[in-house]
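Participant: based on what follows, work out the 3D shape:
(4 chains)
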2 protein chains.
Amino acid sequence: MPRQKKTQPTSEEQTIPTRERILSAALTLFSQQGYIGATTRQIAAEAGVAELTLFRHFPRKELIMQELLQTRSSLSVVREVLPKVQHLSCKAALNTVARVFLATLRERKELLKIFLSECSRYPEQVKEMHFSFMVNLFETLAGYLQELQKKEIVRSMDLRCAAQAFFGIFYSYFISRDIIGFSDTTGTTEDDYIRDYVEIFIHGIQGTAYGKL
Amino acid sequence: MPRQKKTQPTSEEQTIPTRERILSAALTLFSQQGYIGATTRQIAAEAGVAELTLFRHFPRKELIMQELLQTRSSLSVVREVLPKVQHLSCKAALNTVARVFLATLRERKELLKIFLSECSRYPEQVKEMHFSFMVNLFETLAGYLQELQKKEIVRSMDLRCAAQAFFGIFYSYFISRDIIGFSDTTGTTEDDYIRDYVEIFIHGIQGTAYGKL
DNA sequence: TTGGTATGTTAGTAAGCACTTACTTATTTT
DNA sequence: AAAATAAGTAAGTGCTTACTAACATACCAA
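Facilitator: Predicted coordinates:
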């Protein structure tokens, strides 16, 4: 399908099909400049195709966004990791879960930026996807915590709420670091943060009785 | 300064000066549609002035955004509330802090949406402001936690990290609810969430020794 | 009364945007 | 070889946008 003229083809142009290159370029530019801010000319240039080619694949700009939202939003990886960490200590297990969660967010960083920027423009779709992604996460982690509860490691409490707290800590950590771009000035490494956060969370949910203040 | 013709003036037009009305309208529309998406015509209409009047106050659209960023970003309220809750139990104190934090975020919701959307466009300014706001919060709460540590209520740990975990939980709660627009389907009220989150956090940081798993 | 100031109305300009038309060129398939 | 396919070049259309020019009008202060 792809073809060249006299110009030196880049490796991307040789291997990746045009449609995919357009989508990737759009993802990059939408996340940097927003849906309106990224022009079709820019996207075509970034993809290394003529603007007309872009319109032959996507007759309206809108359709690029729709396909991005539909095809690049499979955001459920955490579910698969939990069986693999069942045998670990809960500290080690949650540490792994936190890492996988952060890595997943970072893989989808561009899409998540678009979600945050354009959630007014695509309210139902974006909400729906983000919603199912998060609920999926919460329920998965809550399921794991329920196992711990049966072993009386975790006290009686709303586990869904606990799961939200856990992911909330790392979600806002991700937003600060990767979306807004904070850099830590205290010398604390990411490993330190993850360890400390997990430590706090485990202390926060453990015990068999409810009260104890 | 403001003057009317034959049309019925609204109360806003009578009291609030034109420049402020333009800024407020811009804040609303920027947060809803982004900087590029909100047109000067829309802003003028929302402010109830002629488009030309907008340009007489702000010769370039860019200057509206700059003034918004400079004048509407005083985001430090939590600092003032801590002295008032020193006498309460730490559970009640942290509950209050969480409420004030959430209320502060909600008051500045529009600006925070702009921050998140346009942080690629205004990297230094936005980072700087968001940074100082958050650091302010973290240090203030860390100071309070240090008091608790002296009383041996809180165990030895990185208090700044603990403060980040605390605010992280509520920050992501805010983003889910107020920015993205999730609504809870489980019937759990906001009070429930705050209480449970605080409970987890307090358990998470209390104790005098470090280890204990 | 007069002049300054803040606003309004109307009409416009130049640029940029999404998107189109007409035609050409290379590659693959039949 | 012929046909089909996927891409390119170049020019342009109609719309919207930020921003301006020319002029009118209401208010307030001297």
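Participant: disregarding residues adjacent in the polypeptide, which is nearest to A:Lys84?
Facilitator: A:Thr96 (8.0 Å; Cβ to Cβ, 6 or more residues apart in numbering or on different chains). Where C-beta positions appear, they are placed from N, C-alpha and C, glycine not excepted.
Participant: same check, this time on A:Tyr173
Facilitator: Ranked by Cβ to Cβ, 6+ apart and with sequence neighbours excluded, the top spatial neighbour of A:Tyr173 is B:Gly168, at 6.1 Å.
Participant: helix or strand right after the helix or strand harbouring the one you found?
Facilitator: Assessed by DSSP states H and E, B:Gly168 sits inside helix B:159-174. For helix B:159-174, the following helix or strand on the C-terminal side (DSSP H and E) is helix B:190-205.
Participant: mind checking if that next one is in reach of chain A?
Facilitator: Yes: using Cβ under 8 Å from any Cβ of the partner chain, helix B:190-205 reaches chain A at B:192-193, B:196-197, B:199-205.
Participant: in that helix, what counts as buried?
Facilitator: For helix B:190-205, burial by neighbour count (16 or more other Cβ atoms under 10 Å in any protein chain shown) applies to B:193-205.
Participant: then stretch A:78-91?
Facilitator: Within stretch A:78-91, the residues that qualify as buried are A:78, A:81-82, A:85, A:90, counting by 16+ other Cβ under 10 Å.
Participant: which of the residues you listed lies closest to B:Tyr122?
Facilitator: A:Val78 (33.2 Å; Cβ to Cβ).
Participant: pretty sure the closest one contacts A:Phe138?
Facilitator: No: judged on Cβ atoms under 8 Å, A:Val78 makes no contact with A:Phe138 at a distance of 10.0 Å.
Participant: can you classify A:Ser120 as helix, strand or coil?
Facilitator: At A:Ser120 the chain is in coil, as set by DSSP: H, G, I helix; E, B strand; the rest coil.
Participant: touching, the residue nearest to A:Lys84 and A:Val85? I think so.
Facilitator: Yes: if you go by Cβ under 8 Å, A:Thr96 and A:Val85 touch, sitting 5.0 Å apart.
Participant: and stretch A:42-62, how far out from the chain middle?
Facilitator: Its chain's C-alpha centre and that of stretch A:42-62 lie 26 Å apart, by Cα atoms, centre = their mean, to the nearest Å.
Participant: wait, does that stretch contact DNA strand C?
Facilitator: Yes: applying Cβ under 7 Å from any atom of the strand, one finds stretch A:42-62 touching DNA strand C at A:51-52, A:55, A:59-62.
Participant: out of the residues you listed, who's the most crowded?
Facilitator: A:Lys61 (17 neighbours; other Cβ atoms under 10 Å in any protein chain shown).
Participant: just the strands in chain A please.
Facilitator: For chain A, no strands are identified by DSSP state E.
Participant: thought A:Arg195 was touching A:Asn95?
Facilitator: Yes: counting by Cβ under 8 Å, A:Asn95 is a contact partner of A:Arg195 at 6.9 Å.
Participant: mind listing the helices for chain A?
Facilitator: A:11-15, A:18-37, A:40-47, A:51-57, A:61-71, A:78-85, A:90-107, A:109-118, A:123-150, A:159-174, A:190-205 (DSSP state H).
Participant: go through those helices and name the closest to B:Thr18.
Facilitator: That would be helix A:18-37 among those, by Cβ to Cβ, at 27.5 Å.
Participant: pLDDT on the closest one, on average?
Facilitator: The predicted model assigns helix A:18-37 a mean pLDDT of 97.
Participant: circling back to that earlier point, just give me the closest of the buried residues of helix B:190-205 to DNA strand D.
Facilitator: Closest approach to DNA strand D among these (Cβ to the nearest atom of the strand): B:Tyr193, at 39.1 Å.
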